[in-house]
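Student: here is a sequence with its predicted model. Questions after.
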Amino acid sequence: MIKLITSIGLLLCSVSLFSQNNDISKYRLINTSDRLGISRVELLDPYLSPLEYSGIGINYEHTGQKFFSTENTNLSMERKIKASVAYSTNPQQTAAMMYMGAAYNWGMFYHFRPASRLQLLAGGTADIGIGYKYLPRNVNNPVNVDLATNLNIAGKVRYDIPFHQWPVRLNYEIEIPVLGYMFVPQMGASYYEMFELGSLSNAFHLSSLHNKLASYKKLIFDFPFKHSTFRLGVDMAKLKYKANDMVFTQNNFSLQIGLKYDLYIFSGRKKLAPDNFISSDK
């Protein structure tokens, strides 16, 4: 009888200790955002045409952010995947240019919390992007490819606004490229000459603030609901770069809607959902 009571007591103590450890355990969450938008697009590509083309497009952006560790909640990593398509015409409506683009971005941010409702994030990112422009009226050179990689400085501001006991969050983000590498063909050079004949001597260029100016800004409002957060905002992108005596521009103004949620991957019976979580969005 004594042995039975002792065994039950040890079992209860073990369960209690396990519960306490489980209560204080912390787990990193991936704060995920998916946004879809419609945009006004302006394109100037002298390799294809001396005229500026404008039109509409749609875009998609997936973002995932998490802390590096459960002990340090001041440093986080972020990755972004972006894709867009657009249809634009020249001012006379006599020709149309199609655009498709995609980019991958990875960065690190340090979190400052100067006030209870305010967060400031400062850091840097690296990205690689590719774009495809098609102008069917051009017989010899109907296609031009945008290819570039950049190192950027980036910052974010998050401010929680108490709105009738509904914590609406205001987000402002900015990203500016400072150093990179880009592909710009010479005027009149065909892609056959460049890639089949190996004439690429003046097609790749180092980019910095002297020949490439760009800014990517976002203003987003978050409205939390029971299981996720609804996002509504605007995305403004301005890009101007020059090489081989040509000046290129690409401007976008986009209205976006989306969802934000915390994601943790579980698999099988041995990896059950823990009780405590840490999100880089908190």
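Tutor: Good, I have the coordinates. Numbers count the residues shown, from 1 in each chain.
Student: show me where the stretch 1-150 of the chain has helices.
Tutor: 2-24 (DSSP state H, counting those that start in this stretch).
Student: any weak-confidence spans in it?
Tutor: 1-27 (pLDDT under 70).
Student: show me the shaky parts of the stretch 151-282 of the chain.
Tutor: Looking at the stretch 151-282 of the chain by pLDDT under 70, you get 264-280, 282.
Student: if we go to 90?
Tutor: Within the stretch 151-282 of the chain, the stretches with pLDDT under 90 are 162-167, 187-202, 224-228, 261-282.
Student: how close does the closest residue to Asn74 other than its chain neighbours get to Gly188?
Tutor: Closest residue to Asn74 apart from its sequence neighbours, by Cβ to Cβ, 6 or more residues apart in numbering: His111 at 4.9 Å. For the C-beta atoms, the positions are set from N, CA and C on the backbone; glycine is no exception. Here His111 is placed at a distance of 50 Å from Gly188 (Cβ to Cβ, to the nearest Å).
Student: more crowded one of the two?
Tutor: The neighbour comparison of His111 against Gly188 (other Cβ atoms under 10 Å) goes to His111, with 19 against 9.
Student: ok, now which ones touch the more buried one?
Tutor: Thr73, Asn74, Leu75, Ser76, Gln119, Leu120, Leu121, Ser280 (Cβ atoms under 8 Å, 6 or more residues apart in numbering).
Student: redo these as CSV? Include neighbour count.
Tutor: Below are the contacts of His111 laid out as CSV (neighbours: other Cβ atoms under 10 Å):
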residue, neighbour count
Thr73, 17
Asn74, 12
Leu75, 14
Ser76, 22
Gln119, 18
Leu120, 16
Leu121, 22
Ser280, 22
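Student: quick check, nearest of the residues you listed to Phe163?
Tutor: Gln119 (17.8 Å; Cβ to Cβ).
Student: wait, that closest one sits on Tyr110?
Tutor: No - taking contacts as Cβ atoms under 8 Å, Gln119 lies outside contact range of Tyr110: 10.9 Å.
Student: quick one: the strands in the stretch 151-282 of the chain, in order.
Tutor: 166-183, 204-208, 212-224, 229-243, 246-263, 278-279 (DSSP state E, counting those that start in this stretch).
Student: flag every buried residue along the first one.
Tutor: What it means is strand 166-183. Arg169, Asn171, Glu173, Ile174, Glu175, Pro177, Gly180, Met182, Phe183 (16 or more other Cβ atoms under 10 Å).
Student: likewise for the second one?
Tutor: Along strand 204-208, these residues count as buried under the neighbour rule (16+ other Cβ under 10 Å): His205, Ser207.
Student: that strand packs against which elements?
Tutor: strand 166-183 (3 or more Cβ pairs under 8 Å, 6 or more residues apart in numbering; DSSP states H and E).
Student: return the distance of the strand it packs on from the chain's centre.
Tutor: On the basis of Cα atoms, centre = their mean, to the nearest Å, strand 166-183 is displaced by 8 Å from the centre of the chain it belongs to.
Student: any idea which helix or strand comes after that strand?
Tutor: Counting by DSSP states H and E, the element after strand 166-183 in chain order, helix or strand, is helix 191.
Student: contact partners of that next one?
Tutor: By Cβ under 8 Å, 6+ apart, the surrounding residues in contact with helix 191 are Asn141, Val143, Val145, Pro185.
Student: what sits against the closest residue to Leu206 other than its chain neighbours?
Tutor: Leaving out its chain neighbours, the residue that sits closest to Leu206 by Cβ to Cβ, 6+ apart is Tyr181, at 6.1 Å. By Cβ under 8 Å, 6+ apart, Tyr181 lies in contact with Ala148, Thr149, Phe204, His205, Leu206, Ser207.
Student: neighbours around the second one, how many?
Tutor: Spelled out, that is Thr149. Neighbours around Thr149, by other Cβ under 10 Å: 18.
Student: which one is it nearest to, not counting chain neighbours?
Tutor: Spatial nearest neighbour of Thr149, chain neighbours left out: Ile128 (4.5 Å); criterion: Cβ to Cβ, 6+ apart.
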